[in-house]
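J.: next comes the sequence, and after it the predicted model I'd like to discuss.
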Amino acid sequence: MTTLSDDLPEQNTELSSNSDFLETFLDSLYLEQGVSENTLSAYRSDLDKFCQFLKGESLMTVTSLDVESYLAHRVDLGLKPRSTARSISALKRFYQYFVREKIISDSPMVNIAQPKAGQSLPKTLSEAEVEALLSAPNIEEPMGLRDKAMLELLYATGLRVTELVGLRMEQINLRQAVVFVKGKGNKERLVPLGEEAMYWLEQFLKLGRAQMIKHATDFVFPSKRGVGMTRQTFWHRIKHYAILASVESPLSPHTLRHAFATHLLNHGADLRVVQMMLGHSDLSTTQIYTHVANERLKSVHAEHHPRA
């Protein structure tokens, strides 16, 4: 059972509502650990859902039975194990923080196990589908030229969409043909641009960007309003071009990132090199793409081998 600690630090005595506890925890993630806005948003969403389930009960008096009831509730709703695993991770981190701060004496998450979730393979595109998608923008217009450069850069570098739309001019080095990326957890990496991406980026910077800028900005890819573009806007652009290119494979905001990694491995790239370019801290995260590449090899063998 979670119990309130008797020796509350003086600075924490003002905390009373669940909202106070959430904001204090999220502030600590941002200020002490520098987590991204996207990660903060995910934590807030998971913890808000738990609060809604509690229906007014204080987060500081929650027991392991309350947590187990919440997990059973999620099962009843048909939510995926992967989503529940993320929610459990958020709750564990939340209660660890308040144990550390001596607001509570123990965590209700101590004996809560993560649900078993099968490894889902990332959705990707064939090389022909990528070619069709990259050819869809109308490069005669500044916005089309911008989108062409963005798609080429995304496929050539494997950047996350958030990293792409947030690129600043000082992160691009055209002389050395590299892009300097600050990814999750403020980890930095250098990624080569490649000839095609380099060419279309130069074309946009020379012929399209100036026509789109209405206010001073150092974003490489300004929006229609001349300011930074959102992830959602670019995602809508990808879906638009997929329709134009008759690409029917399932899409996600990271589709071209997945294609980048899978196609590199298909053509013999070293797994650790792909790991570095993707900005994965753990090689096991990158290894999922070897499963995609292996599935591709099996399908090619089945299609073309005379005794398959």
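T.: Arrived safely, thanks for sending. Numbers count the residues shown, from 1 in each chain.

J.: tell me the helix or strand right after the helix or strand containing residue 24.
T.: Using DSSP states H and E, residue 24 sits within helix 18-33. Following helix 18-33 in sequence order, the next helix or strand is helix 37-54 (DSSP H and E).

J.: how about the helices in the stretch 101-250 of the chain?
T.: Listed in chain order, the helices of the stretch 101-250 of the chain (DSSP state H, counting those that start in this stretch) span 127-134, 142-157, 161-165, 195-207, 209-212, 231-244.

J.: and those: which comes nearest residue 177?
T.: Between residue 177 and these, the tightest spacing by CB to CB is seen for helix 195-207, at 5.3 Å. For the C-beta atoms, the positions are set from N, CA and C on the backbone; glycine is no exception.

J.: and the closest one, C-alpha only, in PDB?
T.: Presented in PDB, the C-alpha positions along helix 195-207 are these (Å, rounded to 0.1, in the frame of the first residue of the first chain):
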ATOM      1  CA  GLU A 195      23.800  13.200 -53.600                       C
ATOM      2  CA  GLU A 196      20.100  13.300 -54.400                       C
ATOM      3  CA  ALA A 197      19.100  14.900 -51.100                       C
ATOM      4  CA  MET A 198      22.000  17.300 -51.400                       C
ATOM      5  CA  TYR A 199      20.900  18.400 -54.900                       C
ATOM      6  CA  TRP A 200      17.200  19.000 -54.000                       C
ATOM      7  CA  LEU A 201      18.100  20.700 -50.800                       C
ATOM      8  CA  GLU A 202      20.400  23.100 -52.700                       C
ATOM      9  CA  GLN A 203      17.600  23.700 -55.300                       C
ATOM     10  CA  PHE A 204      15.100  24.600 -52.600                       C
ATOM     11  CA  LEU A 205      17.500  26.900 -50.800                       C
ATOM     12  CA  LYS A 206      18.300  28.700 -54.100                       C
ATOM     13  CA  LEU A 207      15.000  28.800 -55.800                       C
END
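
J.: run through who's touching that helix.
T.: When contacts are defined by CB atoms under 8 Å, 6 or more residues apart in numbering, helix 195-207 is touched by residues 139, 142, 145-146, 148-149, 152-153, 155-157, 172, 174, 177, 193, 220-221.

J.: filter those residues down to the buried ones, ChimeraX style.
T.: To isolate the buried ones among the contacts of helix 195-207 in ChimeraX, judged by 16 or more other CB atoms under 10 Å, type:
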select :139,142,145,146,148,149,152,153,155,156,157,172,193,220,221
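
J.: now do the same end-to-end measure for stretch 203-220.
T.: 12 Å (CA to CA, to the nearest Å).

J.: flag every buried residue along stretch 244-255.
T.: Buried positions in stretch 244-255, judged by neighbour count with 16+ other CB under 10 Å: 245, 247, 251, 253, 254, 255.

J.: so which of those residues is the closest to residue 233?
T.: Among those, and counting by CB to CB, the member closest to residue 233 is residue 253, at 11.2 Å.

J.: any idea how far residue 179 is from the closest one?
T.: 19 Å (CB to CB, to the nearest Å).

J.: and for residue 51?
T.: To residue 179, residue 51 is 40 Å away according to CB to CB.

J.: neighbour count for these two, which is higher?
T.: The neighbour comparison of residue 51 against residue 179 (other CB atoms under 10 Å) goes to residue 179, with 25 against 17.

J.: before we move on, back to that, the helices of the stretch 101-250 of the chain: which one's closest to residue 268?
T.: helix 127-134 (14.3 Å).
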